[in-house]
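Asks: next come a sequence and a model predicted from it.
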Amino acid sequence: MEYLGLVCAILLPLAIPIGVALFLCSGRFGRSDHKTFSLRSDEGLWRQPAFWLSIAIPIGYFLSFGVIAWQGHVVDLSSDGLIKFINISALPLGLLSTSIPLSVIVASFHSTEQTAKQIVITQQKNNIESFYTHRNEMFNYFDRVGELNYYDRFTAKNSVHPRMHKIFFNGTPERGVPTVNEEAFKEIESLINSSRKFIHIVLTTDDMELLVSAYVLNACMTLHLLILSLNLMEINEMVELRGQPVHLETQGERGLKRYLTIGDCTDDMVATHRYARAFFRNLCDFAGRKYEDINHPIYGYFETGGQYRNIKYPMNVEHFHAVLLPNINFELLKRG
């Protein structure tokens, strides 16, 4: 029986904290979507089951072992009775006193959880601010470039479409400063290299059939892709006003397809290429990405200055619009 009483004294106090835990985790006091003994940083200490358990368990053991220690004694409110109570209650009082350090430890853990969550929230806030600061700085960077006039053919305002930041930089506001999307930059580089190659052919060729292919099907098509990829709205307006439709039947395809020229003269074509290239170079500078193709040994004559105007007379693009395009349209009319 003595052993049974000791076992009951050890196990019985667990009924108290279990009951407290069930009450704290009920829908009326706590939230059922959390683990029973987890510390919730978004709630106060007094709503933490672990805190109340750190108090309830020592009290339970105090009462349980106290019942055993107090057997055969009566209540005596005198000084002798108090001394006797302290003497026989050394173990229960010692167990009760553990509630203080246990509750302090739980409070410390809870404070640590709150601090950790605050650090996470602060980091997320800083990441979001860094992301949008980077985005706004890109717009400010191009605003400082200002307007540029290209041969009085159009005025480039260097306006950046908001979509450009998402295309050329990888990341989300939660991750902070975005990284360079190298694939997007390489794609534009490829288009610029293709554009300059076919512009060179357009400016120098004596083969009129090659001129139509290089100008309409390649140079203009590539420049259209550059305009679309970089969202160069100013050039879009120019193309809509001065671009000429051309209907051609290409090899391997059945029927006529409609193409649109970049403006109606050589200056329009060259200015569009120069603006797209300059815009891309500014984008590379902002991204901290190297773009060393400044003065190309072959294509420099039309990418800087006005030397391209002295290659041929009349220039091939003007010849196309004045002679070849009317003939193409005439043949189209004859075909019905």
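Replies: Arrived safely, thanks for sending.
Asks: low pLDDT regions in the stretch 151-300 of the chain?
Replies: Counting by pLDDT under 70, the stretch 151-300 of the chain contains low-confidence residues at 252-253, 293-295.
Asks: can we see that at 80?
Replies: 249-255, 291-297 (pLDDT under 80).
Asks: now the helices: where do they sit in the stretch 151-300 of the chain?
Replies: Along the stretch 151-300 of the chain, the stretches classed as helices by DSSP state H, counting those that start in this stretch are 163-168, 182-204, 208-212, 220-230, 233-242, 266-287, 300-303.
Asks: burial count for the nearest residue to residue 315 once chain neighbours are set aside?
Replies: Spatial nearest neighbour of residue 315, chain neighbours left out: residue 266 (4.7 Å); criterion: Cβ to Cβ, 6 or more residues apart in numbering. All C-beta atoms are positioned from the backbone trio N, CA, C, and that covers glycine. Residue 266 has 26 neighbouring residues, counting by other Cβ atoms under 10 Å.
Asks: please apply the same query to residue 142.
Replies: Using other Cβ under 10 Å, residue 142 has 18 neighbouring residues.
Asks: what's the answer for the one 5 residues further on, then?
Replies: Counted with other Cβ under 10 Å, the burial measure for residue 147 works out to 10 neighbours.
Asks: enumerate every residue touching it.
Replies: Going by Cβ atoms under 8 Å, 6 or more residues apart in numbering, residue 147 touches 155, 156, 157, 158.
Asks: make CSV out of the helices of the stretch 151-300 of the chain and add distance to residue 316.
Replies: Putting the helices of the stretch 151-300 of the chain into CSV (distance: least, Cβ to Cβ, whole Å) gives the following:
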stretch, distance to residue 316
helix 163-168, 33
helix 182-204, 6
helix 208-212, 5
helix 220-230, 13
helix 233-242, 17
helix 266-287, 8
helix 300-303, 12
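Asks: of all those helices, which lies closest to residue 58?
Replies: Evaluated with Cβ to Cβ, those place helix 163-168 nearest to residue 58, the distance being 58.2 Å.
Asks: who touches that closest one?
Replies: Contacts to helix 163-168, defined as Cβ under 8 Å, 6+ apart, come from residues 134, 135, 138, 178, 180, 181, 184, 185, 230, 231, 283, 287.
Asks: just how off-centre is stretch 303-323 within its chain?
Replies: Computed by Cα atoms, centre = their mean, to the nearest Å, the chain-centroid distance of stretch 303-323 equals 45 Å.
Asks: okay, buried residues for that stretch please.
Replies: Using 16 or more other Cβ atoms under 10 Å as the test for burial, stretch 303-323 gives 303, 308, 312, 315, 316, 317, 319, 320, 321.
Asks: same deal with stretch 231-244?
Replies: Under the neighbour-count criterion of 16+ other Cβ under 10 Å, stretch 231-244 has 231, 232, 234, 235, 238, 239, 243, 244 buried.
Asks: contacting residues for residue 245?
Replies: Here residue 245 is in contact with 258, 259, 260, 261 (Cβ under 8 Å, 6+ apart).
Asks: please repeat the previous calculation with a cut-off of 7 Å.
Replies: Residue 245 is in contact with 258, 260, counting by Cβ atoms under 7 Å, 6 or more residues apart in numbering.
Asks: nearest to residue 48 among the contacts of helix 163-168?
Replies: The nearest member of the contacts of helix 163-168 to residue 48, counting by Cβ to Cβ, is residue 178 at 39.2 Å.
Asks: how about that closest one, what does it touch?
Replies: With Cβ under 7 Å, 6+ apart as the criterion, the residues that contact residue 178 are 131, 134, 169, 170, 171.
Asks: next up, phi/psi of the closest residue in space to it that isn't next to it in sequence, please.
Replies: Leaving aside its chain neighbours, residue 178 sits nearest to residue 171 (3.1 Å; criterion: Cβ to Cβ, 6+ apart). Backbone torsions for residue 171, taken as degrees, to the nearest 10, come to phi 140, psi 170.
Asks: surely residue 171 meets residue 179?
Replies: Yes. Using Cβ atoms under 7 Å, residue 171 is in contact with residue 179, at 6.0 Å.
Asks: how far does the helix or strand that contains residue 67 sit from the chain's center?
Replies: Using DSSP states H and E, residue 67 maps to helix 49-69. Relative to its chain's centre, helix 49-69 lies at 52 Å (Cα atoms, centre = their mean).
Asks: give me the buried positions along it.
Replies: For helix 49-69, using 16+ other Cβ under 10 Å, the buried residues are 49-66, 69.
Asks: for that helix, packing partners?
Replies: If contacts are counted by 3 or more Cβ pairs under 7 Å, 6 or more residues apart in numbering; DSSP states H and E, helix 49-69 sits against helix 2-11, helix 15-24, helix 90-97, helix 99-145.
Asks: which is the succeeding secondary structure element to the longest one?
Replies: Read that as helix 99-145. Past helix 99-145, the next helix or strand by DSSP H and E is strand 148-150.
Asks: pairing partners for that following strand, with directions?
Replies: strand 154-156 (antiparallel) (DSSP bridges).
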